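Peer 1: Here you go, sequence then predicted model.
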Protein chains: 4
Amino acid sequence: MQHAPRNPDFEAIVRESFARQAMMSTLGAGLVSVAPGTVAISAPIRPQFGQQIGAAHAAFTFALADSAAGYTALSLMPPDHDVLTSEAGIHLLAPALGDRLIATGSVVKTGRRLFVVRSEVFAETGDRPGQGRTHVASFTGTMVPIPL
Amino acid sequence: MQHAPRNPDFEAIVRESFARQAMMSTLGAGLVSVAPGTVAISAPIRPQFGQQIGAAHAAFTFALADSAAGYTALSLMPPDHDVLTSEAGIHLLAPALGDRLIATGSVVKTGRRLFVVRSEVFAETGDRPGQGRTHVASFTGTMVPIPL
Amino acid sequence: MQHAPRNPDFEAIVRESFARQAMMSTLGAGLVSVAPGTVAISAPIRPQFGQQIGAAHAAFTFALADSAAGYTALSLMPPDHDVLTSEAGIHLLAPALGDRLIATGSVVKTGRRLFVVRSEVFAETGDRPGQGRTHVASFTGTMVPIPL
Amino acid sequence: MQHAPRNPDFEAIVRESFARQAMMSTLGAGLVSVAPGTVAISAPIRPQFGQQIGAAHAAFTFALADSAAGYTALSLMPPDHDVLTSEAGIHLLAPALGDRLIATGSVVKTGRRLFVVRSEVFAETGDRPGQGRTHVASFTGTMVPIPL
């Protein structure tokens, strides 16, 4: 699917909204890339976000997947809209072990009333991005454009 | 559905596993009740877990829903098992605004290979439990028993 | 949740839409009950709708679950609306074996832009409704009101 | 993901199981291609499988998506296994209008206890395969290997 960026300022809008998401800074998450139709978010895997067997908690993985998907949708929305997750499903494929998680969004469907978006989450180990990758989760969700 | 508690020590096992979930203490979450087939978890809604418009982030709601559902499954598993979320879907019904969230799990299906579980999440405002309730999310997931 | 029936003719509207669903008559399905906020649909389990091990195909179960949920949503919509399924998740709990399936819908959330609905599907064996019941599936979906 | 075909007879096994699915022949569905890790199924859109506004019913789309995904999983399983859908989610992206639907499966995760699979469903219009394509649905599900 080819999408014209409907909003020339999509990057500023995504970055500004991300900066207001307290949860993202609490998790130590940062924007890796912002393009129309695909936004990537990364965060270090820290012990305080772990579950009972030492991997990152499913909610940590969900947080990155959901935000990457939501900002991917927002990057294609008209100006003066915010985005809310209406529903989401996540499949957890492997324990979230490693140095960091990276979630990358993509768009399945755009629409006036709702967007369907995906994100894939990988765990990485090592200093270089893309190193030692494990596919840890697949996420699909419905995002609703909210006129401001 | 009526379930005999297969494990007489289910409460100790749930409490011990919960205590090892670093994410739960990071979120300020606590066990409200532990019974065979239904576990409830609560946490205060704090600004650092918010999203861009001030409500709790979907991942915060997901964290409580997933943990309540997972421990609900664990409460009915045989001894010497841990539980992992295989997949989960969440519908976000209303903004998570208020003093605290409470998530309560229930079992749809038990099984040797997998459990299907639900949890419902409510936001509460005011001093007394159950006060000012808003239904903020419905969660359904598949939990896998992992022999230890 | 309590819902005032917004449309005094909800029953006629549901029955008329159901009658136009060719798939429902192809499957031999009929409306069991129509009330504001809960619609039930039943169909006999026939060999031609089976899967490879003799139970009803997941798509047959899905068909009843989806229609019960959709008409449950429609029963609470304003006049001059149709309903479309935007997304749905189904958990298959037991093989769909027996004489018939019955799916009963319920509403989780109503809204201007979308409804969240559920349905539970049971297989029944024997002559009397409610006899020999097995819970075969749980369905949750998002239904979109479409102005006509 | 690269998968060695674990079963040299995967194609015969998929074709034999497909032939036993009465629902598939009832819907007029046929196998388009069978390869390890991706199976495609097609069926003509016929009026008797329609919904209230004339497109194919969501259950028809679900049937093809689920079967394509299930046989995709089966194509990678060891011999002497059957496959059951444990849960599935489907996003309906556009009305299923046209001459036929085609569903193509892919594998997200293989495993001893469960597979995570996807399928994408397209509506096609015109004589040539691939012509006039509309993406009508995305499906993700969990498939369980059942030892025979």
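Peer 2: Sure thing, it's come through. Computed from a predicted model, the values in this text were never measured in an experiment.

Peer 1: and the angle for the top helix by length along chain A with helix B:58-74?
Peer 2: When chain A is scanned for its longest helix (criterion: DSSP state H), the result is helix A:58-74. With axes from the mean of the first three to the mean of the last three CA atoms, to 10 degrees as the basis, helix A:58-74 and helix B:58-74 are set at 140 degrees to each other.

Peer 1: helices or strands up against the strand ranked longest in chain A?
Peer 2: Longest strand in chain A, counting residues (DSSP state E): strand A:134-147. Helices and strands touching strand A:134-147, by 3 or more CB pairs under 8 Å, 6 or more residues apart in numbering or on different chains; DSSP states H and E, are helix A:58-74, strand A:81-92, strand A:100-109, strand A:115-124, strand D:81-92, strand D:100-109, strand D:134-147. Just so you know, the C-beta spots here come from the backbone N, C-alpha and C atoms, and that holds for glycine as well.

Peer 1: which one of those is the most hemmed in?
Peer 2: helix A:58-74 (a mean of 29; mean count of other CB atoms under 10 Å in any protein chain shown).

Peer 1: Do it and chain C come into contact?
Peer 2: No: shown here: helix A:58-74 not in contact with chain C (CB under 8 Å from any CB of the partner chain), separated by at least 13.7 Å.

Peer 1: do that helix and chain B meet?
Peer 2: Yes: residues of helix A:58-74 are located near chain B by CB under 8 Å from any CB, namely A:A58, A:A59, A:F60, A:F62, A:A63, A:D66, A:S67.

Peer 1: For A:R20, which non-adjacent residue is spatially closest?
Peer 2: B:Q52 (4.4 Å; CB to CB, 6 or more residues apart in numbering or on different chains).

Peer 1: Just the pLDDT for A:V136.
Peer 2: A:V136 is assigned a predicted lDDT (pLDDT) of 98.

Peer 1: which ones are touching it?
Peer 2: For A:V136, the contact set (CB atoms under 8 Å, 6 or more residues apart in numbering or on different chains) comprises A:T61, A:L92, A:L93, A:A94, A:P95, A:A96, A:L101, A:V121, A:F122, A:A123.

Peer 1: Residue numbers of chain A in contact with chain C?
Peer 2: Listed as neighbours of chain C in chain A under the rule CB under 8 Å from any CB: A:S86, A:E87, A:G89, A:R113, A:L114, A:V116, A:T142, A:V144.

Peer 1: Please report how far A:R128 lies from chain D.
Peer 2: 22 Å (CB to the nearest CB, to the nearest Å).

Peer 1: a strand runs through that residue, doesn't it?
Peer 2: No: going by DSSP: H, G, I helix; E, B strand; the rest coil, the assignment for A:R128 is coil, not a strand.

Peer 1: got the phi/psi numbers for it?
Peer 2: For A:R128, the backbone dihedrals are phi -90, psi 140 (criterion: degrees, to the nearest 10).

Peer 1: Contact residues of chain A facing chain B?
Peer 2: Chain A comes close to chain B at residues A:17-18, A:20-23, A:25-26, A:47-53, A:57-60, A:62-63, A:66-67, A:82, A:84-92, as judged by CB under 8 Å from any CB.

Peer 1: give me that answer again for 6 Å
Peer 2: Neighbours of chain B within chain A, by CB under 6 Å from any CB of the partner chain: A:17, A:20-23, A:26, A:47-52, A:57-59, A:62-63, A:66, A:85, A:87-92.

Peer 1: Per-residue pLDDT of the closest residue to A:P47 other than its chain neighbours, please?
Peer 2: Among residues not flanking A:P47 along the chain, B:A22 sits closest, at 5.7 Å (CB to CB, 6+ apart). B:A22 carries a pLDDT value of 92.

Peer 1: where are the low-confidence patches of chain A?
Peer 2: Scanning chain A with the threshold set as pLDDT under 70 gives A:1-6, A:130.

Peer 1: of all the residues in it, which ones are close to chain D?
Peer 2: A:G89, A:H91, A:L93, A:V108, A:K109, A:V116, A:S138.

Peer 1: packing partners for the longest helix of chain A?
Peer 2: Here helix A:58-74 touches strand A:38-44, strand A:81-92, strand A:100-109, strand A:115-124, strand A:134-147, helix B:58-74, going by 3 or more CB pairs under 6 Å, 6 or more residues apart in numbering or on different chains; DSSP states H and E.

Peer 1: Could I get the ones you listed in JSON lines, plus columns for distance to C:P36?
Peer 2: As requested, the helices and strands packed on helix A:58-74 are exported to JSON lines (distance: least, CB to CB, whole Å):
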{"stretch": "strand A:38-44", "distance to C:P36": "42"}
{"stretch": "strand A:81-92", "distance to C:P36": "23"}
{"stretch": "strand A:100-109", "distance to C:P36": "31"}
{"stretch": "strand A:115-124", "distance to C:P36": "30"}
{"stretch": "strand A:134-147", "distance to C:P36": "25"}
{"stretch": "helix B:58-74", "distance to C:P36": "28"}
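
Peer 1: Isn't A:H81 up against A:V144?
Peer 2: No: using CB atoms under 6 Å, A:H81 makes no contact with A:V144, being 9.6 Å away.

Peer 1: before we move on, the earlier item: in contact with the residue nearest to A:R20, which residues?
Peer 2: Taking CB atoms under 6 Å, 6 or more residues apart in numbering or on different chains, we find B:Q52 in contact with A:S17, A:R20, A:Q21.

Peer 1: one step back: could I get the residues of chain A next to chain C as a markdown table with distance to B:A40?
Peer 2: Below are these laid out as a markdown table (distance: CB to CB, whole Å):
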| residue | distance to B:A40 |
| --- | --- |
| A:S86 | 25 |
| A:E87 | 23 |
| A:G89 | 23 |
| A:R113 | 35 |
| A:L114 | 32 |
| A:V116 | 32 |
| A:T142 | 28 |
| A:V144 | 29 |
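
Peer 1: Tell me which two in those residues are the farthest apart.
Peer 2: The largest distance within those, taken as CB to CB, falls between A:G89 and A:R113 and amounts to 19.3 Å.

Peer 1: how much space between A:S75 and D:T85?
Peer 2: Separation of A:S75 from D:T85 (CB to CB, to the nearest Å): 34 Å.

Peer 1: cool, A:T134 as well?
Peer 2: A:T134 is 26 Å from D:T85, where distance means CB to CB.

Peer 1: ok, now A:M23?
Peer 2: Counting by CB to CB, the gap from A:M23 to D:T85 is 34 Å.

Peer 1: In contact with the residue sitting nearest the centre point of chain A, which residues are there?
Peer 2: The structure's chain A has its C-alpha centroid closest to A:A68; by CA atoms, centre = their mean the separation is 1.5 Å. Counting by CB under 6 Å, 6+ apart, A:A68 makes contact with A:V39, A:I41, A:A103, A:G105, A:S119.

Peer 1: change it to 7 Å
Peer 2: Taking CB atoms under 7 Å, 6 or more residues apart in numbering or on different chains, we find A:A68 in contact with A:V39, A:A40, A:I41, A:A103, A:T104, A:G105, A:S119.

Peer 1: any idea which of those residues is closest to A:I13?
Peer 2: A:V39 (11.2 Å).

Peer 1: Which residues are in contact with the nearest residue to that closest one once chain neighbours are set aside?
Peer 2: Distances taken as CB to CB, 6+ apart put A:Y71 closest to A:V39, at 4.0 Å, once the chain neighbours are dropped. Residues near A:Y71 by CB under 7 Å, 6+ apart: A:V14, A:F18, A:V39, A:G105.

Peer 1: go again using 8 Å as the cut-off
Peer 2: With the criterion set at CB under 8 Å, 6+ apart, A:Y71 makes contact with A:V14, A:S17, A:F18, A:L31, A:V34, A:V39, A:I41, A:V83, A:G105.

Peer 1: and A:V32, how many neighbours?
Peer 2: Close neighbours of A:V32, defined as other CB atoms under 10 Å in any protein chain shown, add up to 15.

Peer 1: just to revisit the earlier point, the helices and strands packed on strand A:134-147: which one's closest to B:F10?
Peer 2: Of the helices and strands packed on strand A:134-147, nearest to B:F10 by CB to CB is helix A:58-74, at 21.5 Å.

Peer 1: I appreciate the help and will end here.
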